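Chemist: Generate a structure from the sequence data that follows.
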Amino acid sequence: MTQNKRIVLSSDHAAIELRQTIAKHIEAQGWEAVDIGPTTPESTHYPLHGQAAARKVASGECALGIILCGTGQGIMMAANKVAGIRCGVCSDTFSARMIRQHNDANILSLGARVVGEGLALDIVDAFLNAEFEGGRHATRVEMIEG
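Modeler: Numbering: from 1, shown residues only. Model (predicted):
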């Protein structure tokens, strides 16, 4: 996959606990979790957190990202505004695997109010264990990048 084993994690206030659980889970698999918060439950703005994580991936500081909010949708939209980011929100393992294999996604978005902890960890594993297939998919990713 990549020599860079750093994954940035960020969320809004709705997903702090799940984000921290995911950080421990990926660290147990040998990844370095770069958790950029937040750490307190006060209401916060998911676009700021999604874009901050996306900038770390786009710059190469982190190989991949995992971001969370209540549904995963809003933070995903914010992250995708950063050039070079291909982020998809997933609620199942098949989609998580496919966004890596076919779309070369570099950020996974999850909805903390949509998936439970066990499923979230399975989705993370599917995302991290999949690799981009290239070939005809590379042409399509180039079209996305414009």
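
Chemist: ok, and Val8, which helix or strand is that part of?
Modeler: strand 6-11 (DSSP states H and E).

Chemist: Not counting sequence-adjacent ones, nearest residue to Ser43?
Modeler: Distances taken as C-beta to C-beta, 6 or more residues apart in numbering place His13 nearest to Ser43, at 5.5 Å, with adjacent residues excluded. All C-beta atoms are positioned from the backbone trio N, CA, C, and that covers glycine.

Chemist: Go ahead and confirm the one you found touches His45.
Modeler: No: if you go by C-beta atoms under 8 Å, His13 and His45 don't touch, sitting 9.5 Å apart.

Chemist: Look at these two and report which has more neighbours.
Modeler: His13 (18 against 13; other C-beta atoms under 10 Å).

Chemist: what about that one, distance to Lys24?
Modeler: Distance of His13 to Lys24, given as C-beta to C-beta, to the nearest Å: 19 Å.

Chemist: same check, this time on Arg140
Modeler: Arg140 is 35 Å from Lys24, where distance means C-beta to C-beta.

Chemist: Also Phe132?
Modeler: Separation of Phe132 from Lys24 (C-beta to C-beta): 27 Å.

Chemist: Can you pick out the residue with more neighbours from the two?
Modeler: Phe132 (17 against 11).

Chemist: for that one, what are its contacts?
Modeler: Arg100, Gln101, Asp104, Ala138, Val141 (C-beta atoms under 8 Å, 6 or more residues apart in numbering).

Chemist: what do His13 and His45 both touch?
Modeler: Joint contacts of His13 and His45 (C-beta under 8 Å, 6+ apart) do not exist.

Chemist: follow-up on the earlier one: okay, angle between the next helix or strand after the strand holding Val8 and strand 6-11 too, please.
Modeler: The helix or strand immediately downstream of strand 6-11 is helix 16-27, counting by DSSP H and E. Counting by axes from the mean of the first three to the mean of the last three C-alpha atoms, to 10 degrees, helix 16-27 lies at 170 degrees to strand 6-11.

Chemist: Which residues does helix 16-27 contact?
Modeler: 7, 9-11, 33, 35, 38-39, 41, 66, 68, 110, 112, 117, 120-121, 124, 128.
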